[in-house]
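Undergrad: Could you look at this predicted model? Sequence included:
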Amino acid sequence: MIQDQPRTLYDKIWDDHLIETGEGGDSLVYIDRHLVHEVTSPQAFEGLRASGRRVRHPERTLAVVDHNVPTSPDRLLGIRNEESRVQVETLEANVAEFGLEYYSAADRRQGIVHIIGPEQGFTLPGTTIVCGDSHTSTHGAFGALAVGIGTSEVEHVLATQTLIQKKARNMLVEVTGAPPAGVGAKDIILAIIGRIGTAGGTGHVIEYAGEAVRGLSMEGRMTICNMSIEGGARAGMVAPDETTFAYLKDRPRAPKGEHWEKAVAWWRTLGSDEGAHFDKVVRLDAADLPPIVSWGSSPEDVVSIDGVVPDPDEILDENKRLSKKRALEYMGLTPGTKMTDIRLDRIFIGSCTNGRIEDLRTVAKIVEGRRIADGVSGMIVPGSGLVKAQAEAEGLDVILKGAGFDWREPGCSMCLGMNEDRLSPLERCASTSNRNFEGRQGFKGRTHLVSPAMAAAAAIAGRFVDVRTWS
Ligand SMILES: CC(C)[C@H](C(=O)O)[C@@H](O)C(=O)O
Ligand code: SF4
């Protein structure tokens with residue numbers, strides 16, 4: 001390791017955690033934090049049991065239920081769906097057996113795994129964080145190296161607190177300018193994925209930089225890093241700064257007193273050095289970025305709100321043309337249709353992409369004193385119990401319910417419909433989540449990925465609208 005070479009944020013965290021590199025580049029990396037949820041952990045715990053192992057560092061592990069929990073007000077009475085109930089009960093038995101800290105559905109700190117980590121100060125700059133979940137990239141917003149892992153790797157981390165990885169390449173996404181009113185983090189990341197495609201970040205860790213990223217709150221940075229995986233990247237990161245420190249200060253698991261001062265001093269050194277090498281660089285100007293809406297069944301299928309449904313016949317590559325044609329068919333859309341003419345049946349506001357307090361404030365501001373359009377139903381699922389409590393303390397729930405939204409308990413919910421929150425076949429939904437795959441929100445359901453502002457305005461108008469000019 002040549003220390004005087006300029007290094008990126010990713011290089012620095014990698015070097016700090018590297019234990020050993022073997023043949024072919026396989027490296028053993030130390031893992032500081034491990035988040036666990038009910039979907040990807042059962043076989044991992046089973047593996048530990050089978051080999052008679054314990055969890056190496058229970059204090060570095062935090063477990064929560066999120067994917068399978070109902071979001072209805074009566075959810076503590078029990079889970080009706082057998083599969084979901086078994087998954088939750090299995091996690092509960094495992095955390096008890098292995099002595100892990102766990103937030104159950106009855107705990108007000110419970111929520112989506114990628115929302116509770118930052119909220120508790122479990123997610124910290126300069127750390128390595130893993131979770132058996134692809135959207136672990138969210139935590140990179142804090143200047144952490146956060147990667148999603150598979151179930152066998154979950155077992156490996158539980159048993160050893162290490163992980164085998166190959167070092168990825170460095171990619172810089174620089175977002176200049178300040179976005180116009182009504183345009184935010186979600187539009188920025190959708191635009192980036194639209195530009196680079198779902199494979200654009202393959203083999204890379206993306207660092208997001210530039211004025212527009214610096215200007216974002218931690219919530220906005222999390223939204224961007226969250227969807228790095230949708231752009232194919234291993235992880236996404238933002239160098240920590242004053243915004244990061246202000247967010248983390250006094251969080252339950254953040255360092256305190258003298259330790260805090262020392263930590264901040266170290267965190268300040270983590271940013272990429274001047275002249276550090278990036279293997280790939282992408283630049284985007286946010287200054288004239290329009291609100292972005294997805295039209296197809298991949299997060300790269302995006303278009304400006306003032307655009308039209310694209311015509312796949314114009315695509316030269318045959319495979320791509322056929323796949324985009326199929327996407328349009330699935331979505332029930334015709335090329336040339338103005339995006340603002342697309343009518344909606346459902347609105348879903350939530351998920352680890354946009355289920356945080358800032359998102360709910362944005363929505364409340366837009367819908368205050370108005371009503372959801374006739375024939376449209378809207379559901380708001382706070383990302384965690386603490387987000388919900390904060391929203392209620394601010395009176396947002398009253399505004400949202402007053403507008404006709406269903407105000408739910410926290411969880412992943414209709415982001416992927418592992419609980420009973422699902423679209424019916426052919427229902428069209430404006431969703432603040434991150435994936436618009438076929439069937440993602442319910443069999444034959446049609447998902448359009450949008451920002452919280454767009455979802456709110458679309459709920460009122462009953463169709464997509466240009467939130468820059470809509471009032
Ligand atoms: C269930 C889980 C493994 C999955 C993921 O890894 O991302 C889910 O969170 C998702 O968003 O599709
Ligand atoms: S909210 Fe959606 S994307 Fe996030 S962890 Fe849950 S299912 Fe995955």
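TA: Nice, I can see it. Ligands and ions are numbered 1, 2, ... in the order given.
Undergrad: Does residue 361 belong to a helix, a strand or coil?
TA: helix (DSSP: H, G, I helix; E, B strand; the rest coil).
Undergrad: how many other residues sit next to it?
TA: Each residue near residue 361 was counted by other CB atoms under 10 Å, and the total is 17. (Glycine included, C-beta is placed from N, CA and C.)
Undergrad: cool, residue 309 as well?
TA: 20.
Undergrad: List phi and psi for it.
TA: For residue 309, the backbone dihedrals are phi -60, psi 120 (criterion: degrees, to the nearest 10).
Undergrad: Can you point out the buried residues in stretch 384-402?
TA: 384, 385, 386, 387, 388, 389, 390, 391, 396, 397, 399, 400 (16 or more other CB atoms under 10 Å).
Undergrad: Just to check, residue 56 is in contact with residue 163?
TA: No - taking CB atoms under 8 Å as the contact criterion, residue 56 and residue 163 are not neighbours in contact, 12.0 Å apart.
Undergrad: neighbour-wise, which of these two wins?
TA: Comparing residue 56 with residue 163 by neighbour count (other CB under 10 Å), the higher total belongs to residue 163, at 21 against 16.
Undergrad: isn't the more buried one right up against residue 152?
TA: No - the pair formed by residue 163 and residue 152 falls short of the contact definition of CB under 8 Å, at 10.8 Å.
Undergrad: Now do the secondary structure element (helix or strand) that residue 85 belongs to, average pLDDT.
TA: Counting by DSSP states H and E, the element that carries residue 85 is helix 82-98. Averaging pLDDT along helix 82-98 yields 98.
Undergrad: which stretches of the stretch 151-300 of the chain form strands?
TA: Secondary structure of the stretch 151-300 of the chain (DSSP state E, counting those that start in this stretch): strands at 162-166, 169-176, 204-209, 235-237, 280-285, 292-294.
Undergrad: can you tell me the average pLDDT over the fifth one?
TA: Meaning strand 280-285. Per-residue pLDDT values across strand 280-285 average out to 98.
Undergrad: and it with strand 204-209, angle?
TA: Angle of strand 280-285 versus strand 204-209, following axes from the mean of the first three to the mean of the last three CA atoms, to 10 degrees, is 30 degrees.
Undergrad: Based on its surroundings, how many neighbours for the closest residue to ligand 1 within the chain?
TA: Taking CB to the nearest ligand atom as the measure, the point where the chain comes nearest ligand 1 is residue 134, at 3.5 Å. For residue 134, the neighbour count with other CB under 10 Å is 17.
Undergrad: Tell me the confidence at it?
TA: On the pLDDT scale, residue 134 is placed at 98.
Undergrad: correct me, but it touches residue 228?
TA: No - counting by CB under 8 Å, residue 228 is not a contact partner of residue 134; they are 9.7 Å apart.
Undergrad: What residues does the stretch 301-450 of the chain have near ligand 2?
TA: By the criterion of CB under 6 Å from any ligand atom, the positions of the stretch 301-450 of the chain lying close to ligand 2 are 351, 352, 412, 415, 416, 433, 434.
Undergrad: now the stretch 1-150 of the chain
TA: 66, 67, 112, 114, 133, 135.
Undergrad: do that again at 5 Å, thanks
TA: 112, 135 (CB under 5 Å from any ligand atom).
Undergrad: pLDDT weak spots in the stretch 1-150 of the chain?
TA: Low-confidence segments of the stretch 1-150 of the chain, defined by pLDDT under 70, are located at 1-3.
Undergrad: who in it is up against ligand 1?
TA: Within the stretch 1-150 of the chain, the positions adjacent to ligand 1 are 39, 133, 134 by CB under 5 Å from any ligand atom.
Undergrad: can you give me the helices in the stretch 1-150 of the chain?
TA: Ranges of helices within the stretch 1-150 of the chain are 9-17, 42-50, 82-98, 113-120, based on DSSP state H, counting those that start in this stretch.
Undergrad: Kindly state the beta-bridge partners for residue 172.
TA: In this structure, residue 172 bridges to residue 207, residue 281 when assessed by DSSP bridges.
Undergrad: Closest one of the buried residues of stretch 384-402 to ligand 2?
TA: Closest to ligand 2, out of all of the buried residues of stretch 384-402 and judged by CB to the nearest ligand atom, is residue 384, at 11.0 Å.
Undergrad: what are the bridge partners for the closest one, then?
TA: If you apply DSSP bridges, the partners that residue 384 bridges to are residue 111.
Undergrad: and it, what does it touch?
TA: Contacts for residue 384 were tallied using CB atoms under 8 Å, 6 or more residues apart in numbering; they are 109, 110, 111, 112, 115, 116, 119, 355, 410.
Undergrad: Out of those, name the two that are farthest from one another.
TA: Using CB to CB, the contacts of residue 384 reach their maximum pairwise distance at 109 and 355, which is 14.6 Å.
Undergrad: correct me, but residue 295 touches residue 309?
TA: Yes - under the contact definition of CB under 8 Å, residue 295 touches residue 309, with a separation of 5.3 Å.
Undergrad: With adjacent residues omitted, what lies nearest to residue 282?
TA: Once flanking residues are discounted, residue 282 sits nearest to residue 173: 4.9 Å by CB to CB, 6 or more residues apart in numbering.
Undergrad: mind listing what residue 453 touches?
TA: Listed by CB under 8 Å, 6+ apart, the contact partners of residue 453 are 182, 184, 291, 362, 363, 366, 467.
Undergrad: Repeat that for residue 195.
TA: So, once contact is read as CB under 8 Å, 6+ apart, residue 195 ends up touching 282, 284.
Undergrad: Give me the more crowded residue out of residue 109 and residue 355.
TA: A side-by-side neighbour count of residue 109 and residue 355, using other CB under 10 Å, places residue 355 first with 31 against 18.
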